[in-house]
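Colleague: Quick one, what's the 3D model for this:
(chains A, B and C)
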Amino acid sequence: MLSYLGKRLLSLIPVLLVVSVVIFSIVHLTPGDPVRTILGPDASQAQVDALRDSMGLNQPLIAQYFSWLGGVFTGDLGDSFFLRKSVLAAIGDNAVPTLQLAVIAITVALLLAIPLGTLAARHRGTSLDRGVMAFTLIGMAVPSFVLGLILMLLFAVQLRWFPVAGYVNPADDFLLGIKTLILPGIALGAIMSALITRTTRAAVLDVLNADYIDAARSRGVSETRLLFTHTLKNAGLPILTLVGLTFGTLVTGAAVTETIFNVPGLGSLLVQAISRRDYAIIQGVVLCVTLFYLLINLVIDLLYGLVDPRVRLGKAKG
Amino acid sequence: MSDQTTVPNTQMLSVRPPVNDTLLRRALRSPSLMIGLVWLALIAAVAFVLPPVLGLDPYAVEPTNRLEGPSAAHWFGTDTYGRDLFARILSGASTSITVGFVVALISAVLGAAIGVLAAFSPVLDQILMRICDGLMAIPAILLAVALTAALGPNVGNLIIALSVVYTPGLARLVRSKAMAIKSETFVEASRVQGAKPIHIMVKHILPNTLSVLFVQSTFTFAESVITEAALSFLGAGVPAPQASWGNILNDGKSVIMQAPHMVIFTSLFLVLTVLALNLVGDGLRDLVDQRSQPQPKQPGLFSRMFGFGTARFQPTTKGTKR
Amino acid sequence: MTDQQATPLEIRQLSISIDTPNGEIDVVNGVSLDLREREILAIVGESGSGKTLTARAVLGLFPPRSTVGGAILLRGTDVLTASGDELRKIRGADAAMIFQEPSTALNPVFRIGWQMSEGLRAHGITDPKERRRRSIEMLTAVGIPDAEERIDSYPHQFSGGQKQRIVIAMALALKPSVIIADEPTTALDVTVQAEILDLLRECRESFGAAIVLITHNMGVVADIADRVAVMYQGDLVEQAPVDTLFAAPTQEYTKRLLAAVPRLGHAQLRERPAPVASSTAAERPVPAVAASGLNVVYSGGFRQPAFHAVRDVSFEIAPGEVLGLVGESGSGKSTIGKTIGGLAPVASGSLRVFGQEIARLRGAKLRAARRRIGYVFQDPASSFNPFLTVEESIAEPMRVHGAFPERGARQARVLELLDAVQLPRQMAKRHPYELSGGQRQRVGLARALTLSPELLIADEPTSALDVSVQAKVLDIFTELQQELGFAALFISHDLAVVELLADRVGVLQRGSLVEVGQTAEVLTHPREPYTQALIAAVPVPDPVIQRGRRAALAERPR
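Modeller: Presented below is the predicted three-dimensional model:
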């Protein structure tokens, strides 16, 4: 198990290297002078030079990269000139709503997807199955921001069940907080659930077709127990993998959904940063989210060991 | 010598598809593929042909008719500046379809090249796949946003950014398929005949990866349309006066109380187009799957490895209940 | 009641049809069978005979979209009309099943103790301690050592033979009166097969179970069955006591089936001139293959030990000679074939092909050597590119080596080769996946012979085929070998097949060549204990002889 963890951590190093180079290059790819972009066309040459110097832009590119990388390791992601605070502080302030949103979305997605996918697999070929598949097809075609807008139109504008936009931390006022988060949460989760439903269905079907299920059936194990006790653990692996991967989609969706519902999360921070060309923030957000994404997938890899004994013993999977 | 009917061969029974069942005929029978293709053809025709024929101008401003509902003069109503929404949506369609198609094409070609190269050279494999891993570790929209923000928002840069985002996935897919094909017996057979790597690459590996590549490119097309819309919605995609479904939705969002028709019509077009692309992708995948598994059941890997197990006829002996 | 005791299982006019995209197909047509108390009934047949479907039907297991008619009376209850609840009570308690692939019949993510107790739990044994006690008891009964500890292991921690024992233990757990064994030894090596067959006999002796054994292996039938039912394309062709069936089959199909089975020790000695006759040492031609002290090691991956596949092997294949290589799975027989073709690395020692060290050949020289070698692969399904037609597949070696540059000449050669392997010429335009397994394997042979090689490597070319198809392919192989006179390395796990065509035989055990010599010598008077054990383990498809062999084996001191 430990060697497995070590192996996974080692394999992250080249990935992180590429990620850091890509993120670093973003600023340096920018056509024109980033300092001019920051200070605007009216800045004097002295101001520009001073800022260039303080940003370290006069050093060679390699040196800049390493000093930036050093900063990343010590938790210094630079400062935002617009927000007048450090990038890390800005991210910290905005991370909480995004995380809350993500938790709601994943909960919604799993609560919908696992039962639907399992039922569809169990009743393959019936109208229930076709209905579920149609739902997933539509789900995959509706981008989360479109669903967000439609939900807003329906439940906030027309029915007035929920506030149109805004954010209250559920820690301060739980009920109101959930009310503000539920629509964006559903908008995000429903899309995810479409994909997870499909995977669940395929995985459960795969397992239901396996010989060992027939073997258990031939010993008199009931169909319900076959489905929920014997099958779901095997089907868990692909589902778990997908949940890890869709986390990327989740962040992506959050960026857009937050702007729709005016939730002050990382997505909103990023969008504001784009419109202001605040590169330090863009860099920082992309870096932090990517690290978190990799971390989630690492945890999921480790969870494999709990599900599949062959992984636990460090054996190669078939 | 006894002729070949000494003991009739029962291996295949009659389960395999009729021989003269061509790919085209099967495609015509696939409802999802046909519905998807017809809708796509329709929307492409409408987006590229109708505006010049009807003289629709997506940029013509009528400040007096702002945010009007659907009428005879403006089928879908007007937007915040009093521009004809139908013209805007059609113009957005041509942008979306162009961007999606070009991105799918570029990433498919690059992905195929990178994937096949990686499958052949262990050194290149290490380098190329680590780069792909790194790029894939950054969530798609974040990478696209960061790239367009750096390059500047215009359609050309958008295509570059989206291609960077989607090429690694396709390259990985092609590589894994190529690796699988490479370990197939027919490639070994070709090698042991003395075939050169380039022969194996072109004759055996590339054709066998094309089907998955083609299917996945369709899904990439769909994803690019969504991502383009999302980027434009965020203001990091197609820049302002030019129409895109994303920036129309963004305009519509701020006036959702007064003029919900902007959001409704645009969403409808976006969703239906992506749905059609997904239907085409699903249909293509079914076609490809059938072709690669023509036998009722192949002997399992295990029995093949150990040299036992005749190719027994077991028409998916897995039984649910009757 | 006494009547039911006599026949625990009655199948009456069972018919099964499956609704496929290409219409309804009848896979079992009106089969009637009786299984008597403590009887072992073998159902034999080739692919598509419906034997497995018939057997699975006894437990109410059917393929999707199938329609079933007739009746299956299990201790008086009709399985086909039983409700879900009744069916569940019957399964495991009155009838149980043993599967073909022990590795897929066990759920990889649960401990075997848990899986065993699931069956007991389903039949009302609620006390976990009691379930565990009985599971351990059964595991011990089927010969799993240290059952108290091993019960908490996962399936992948057992060997293939042990896994099959566990599957049998699960089937025996509730002491059912009927056991359905679906090809229980097909995935196992012969020595393990012999042990499992002994265990099945013991199931009958100690537990009083009647057994339905599905198999395609006539040797297994002769070894264990009391009565035999022969099926062909969904019909029951013939049923008779085992001695009668083998001695005097009444139906044409049964006769052909039995005739097609190769029998160890029964092959006529091949009437052909000895390939390397009385030439002096100086004139002795260069051997097609000469290995001395050959070692092949597959390097391990991360934290995986390297695998020593071939250890210190020495042999020669003279021009025109057929050397058979036999051994169980993992013995390194295929690796030797691959190494000769330059597909596996030589770790140390020497392997000369046509007098040249194959490991040192590169580029054009390697290509030139490969041009003189033909290769036939085991799996006819995956050895053809699905994008190429039969003609293109057979012509590929010509294109690769620029032989027969004109299109017309290439086409002519392809047709000539199709004639040689006795396939109709129209097949040239077909795709390999449209052909049957046997036809595909003949195309494989044609492709290997395209450039008239001097050496042919055949890696288990018939092990994926039914016996009758195998007989045909072997016939063609022998005929062409005698006509064209190429040397051959014939790799197989089946001693009887090797006996049919090899001049000399080599026996491999875990990478080492334990014995090599003239075919008749090695297979009838083996010197090495391993060869003796291997030959003793192969059941001979003749019940009388096999009975004698088993008796002799039982008397032999261990």
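Colleague: starting at the chain centroid, how far to stretch C:111-125?
Modeller: Between the centre of stretch C:111-125 and the centre of its host chain there is 32 Å, according to Cα atoms, centre = their mean, to the nearest Å.
Colleague: Closest residue of the stretch 401-550 of chain C to chain A?
Modeller: Closest contact between the stretch 401-550 of chain C and chain A, by Cβ to the nearest Cβ, is at C:Ala464 (19.4 Å). For glycine as for every other residue, the C-beta is placed from the backbone atoms N, C-alpha and C.
Colleague: Look at that residue and tell me its secondary structure.
Modeller: Secondary structure for C:Ala464, judged by DSSP: H, G, I helix; E, B strand; the rest coil, is coil.
Colleague: now swap in C:Val212 and tell me
Modeller: Taken by three-state DSSP, the conformation at C:Val212 corresponds to strand.
Colleague: still on that earlier bit, the residue of the stretch 401-550 of chain C closest to chain A against C:Asp379, yeah?
Modeller: Yes. Contact criterion Cβ atoms under 8 Å: C:Ala464 and C:Asp379 qualify, at 5.8 Å.
Colleague: buried sites along stretch C:345-363?
Modeller: Residues of stretch C:345-363 classed as buried under the neighbour-count rule (16 or more other Cβ atoms under 10 Å in any protein chain shown) are C:346-347, C:349, C:351-354, C:358-359, C:361.
Colleague: same thing with stretch C:465-479?
Modeller: Buried positions in stretch C:465-479, judged by neighbour count with 16+ other Cβ under 10 Å: C:465-477.
Colleague: ok, of the residues you listed, which one's closest to A:Val286?
Modeller: Taking Cβ to Cβ as the measure, A:Val286 sits nearest to C:Leu465 out of the buried residues of stretch C:465-479, at 57.7 Å.
Colleague: Same question for C:Leu513, what's its three-state structure.
Modeller: The local conformation at C:Leu513, judged by three-state DSSP, is strand.
Colleague: Could I get the contacting residues of it?
Modeller: C:313-315, C:506-507 (Cβ atoms under 8 Å, 6 or more residues apart in numbering or on different chains).
Colleague: What score does it have for pLDDT?
Modeller: Listed pLDDT for C:Leu513 reads 92.
Colleague: The one 3 residues further on too?
Modeller: C:Val516 is assigned a pLDDT of 92 by the prediction.
Colleague: That one and C:Leu508 touch, don't they?
Modeller: No. Contact criterion Cβ under 8 Å: C:Val516 and C:Leu508 do not qualify, at 9.5 Å.
Colleague: circling back to that earlier point, give me the subset of the buried residues of stretch C:345-363 touching chain A.
Modeller: Among these, no residue is within reach of chain A (Cβ under 8 Å from any Cβ of the partner chain).
Colleague: which one of these sits closest to chain B?
Modeller: Set against chain B, the nearest of these by Cβ to the nearest Cβ is C:Leu361 (10.6 Å).
Colleague: And the closest one, how far from A:Leu88?
Modeller: 61 Å (Cβ to Cβ, to the nearest Å).
Colleague: Chain neighbours aside, what residue packs nearest to whichever residue of chain B sits closest to chain A?
Modeller: When scored by Cβ to the nearest Cβ, chain B has B:Gly134 as its residue closest to chain A, at 2.3 Å. Spatially, and ignoring its direct neighbours in sequence, B:Gly134 is nearest to A:Val18 (2.3 Å; Cβ to Cβ, 6 or more residues apart in numbering or on different chains).
Colleague: One more: A:Ile138?
Modeller: Residue nearest to A:Ile138 in three dimensions, not counting chain neighbours: B:Leu275, with 6.6 Å by Cβ to Cβ, 6+ apart.
Colleague: Looking at the buried residues of stretch C:465-479, which is nearest C:Ala222?
Modeller: Using Cβ to Cβ, C:Val467 comes nearest to C:Ala222 of the buried residues of stretch C:465-479, at 13.7 Å.
Colleague: any idea how far the closest residue in space to the closest one that isn't next to it in sequence is from B:Leu287?
Modeller: Counting by Cβ to Cβ, 6+ apart, C:Ala260 is the residue found nearest to C:Val467 once chain neighbours are left out, at 4.7 Å. For C:Ala260, the distance to B:Leu287 equals 39 Å [Cβ to Cβ].
Colleague: What of C:Arg362?
Modeller: Going from C:Arg362 to B:Leu287 by Cβ to Cβ gives 42 Å.
Colleague: repeat for B:Ala60
Modeller: Distance of B:Ala60 to B:Leu287, computed by Cβ to Cβ: 44 Å.
Colleague: before we move on, the earlier item: count of neighbours near the residue of the stretch 401-550 of chain C closest to chain A?
Modeller: Close neighbours of C:Ala464, defined as other Cβ atoms under 10 Å in any protein chain shown, add up to 28.
Colleague: What subset of the contacts of C:Leu513 is buried?
Modeller: Buried, going by 16+ other Cβ under 10 Å: C:313, C:315, C:506-507, out of the contacts of C:Leu513.
Colleague: Those in strands, which ones?
Modeller: Among these, DSSP state E puts C:313, C:315, C:506-507 in strands.
Colleague: what would the residues you listed look like in a markdown table with distance to chain B and pLDDT?
Modeller: Shown next, in a markdown table, are these (distance: Cβ to the nearest Cβ, whole Å; pLDDT from 0 to 100):
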| residue | distance to chain B | pLDDT |
| --- | --- | --- |
| C:Val313 | 19 | 92 |
| C:Phe315 | 20 | 93 |
| C:Gly506 | 16 | 93 |
| C:Val507 | 16 | 93 |
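Colleague: Just want the most central residue of chain B.
Modeller: By Cα atoms, centre = their mean, the mean C-alpha position of chain B lies nearest to B:Thr218, the distance being 1.6 Å.
Colleague: Enumerate every residue touching that one.
Modeller: With the criterion set at Cβ under 8 Å, 6+ apart, B:Thr218 makes contact with B:104, B:277, B:280-281, B:284.
Colleague: so it is in which element?
Modeller: Counting by DSSP states H and E, the element that carries B:Thr218 is helix B:206-234.
Colleague: what mean pLDDT does that helix have?
Modeller: On average, helix B:206-234 scores 88.
Colleague: ditto for stretch C:341-351
Modeller: Average pLDDT, stretch C:341-351: 88.
Colleague: distance of C:Ile168 from C:Val228?
Modeller: To C:Val228, C:Ile168 is 22 Å away according to Cβ to Cβ.
Colleague: err, A:Asp42, not the other one
Modeller: Going from A:Asp42 to C:Val228 by Cβ to Cβ gives 100 Å.
Colleague: Tell me which of the two has more neighbours.
Modeller: Of the pair A:Asp42 and C:Val228, C:Val228 is the one with more neighbours under other Cβ under 10 Å, namely 27 against 6.
Colleague: That one should be in a strand, yeah?
Modeller: Yes. Counting by three-state DSSP, one finds C:Val228 located in a strand.
Colleague: so it makes contact with C:Leu236?
Modeller: No. With contact defined as Cβ under 8 Å, C:Val228 does not count as touching C:Leu236 (11.1 Å).
Colleague: Look up which residues are beta-bridged to the nearest residue to C:Ala95 once chain neighbours are set aside.
Modeller: What sits nearest to C:Ala95 in space, not counting adjacent residues and going by Cβ to Cβ, 6+ apart, is C:Val178, at 4.1 Å. For C:Val178, the beta-bridge partners are C:Ala95, C:Ala210 (DSSP bridges).
Colleague: What of C:Tyr375?
Modeller: The partner residues for C:Tyr375, given DSSP bridges, come to C:Ile457.
Colleague: where does the stretch 251-400 of chain C come near chain B, residue by residue?
Modeller: Applying Cβ under 8 Å from any Cβ, we find that the stretch 251-400 of chain C lies next to chain B at C:253, C:256-257, C:260, C:329, C:341-343, C:366-368, C:370-371, C:373, C:375, C:377-379, C:381-388, C:393, C:396-397, C:400.
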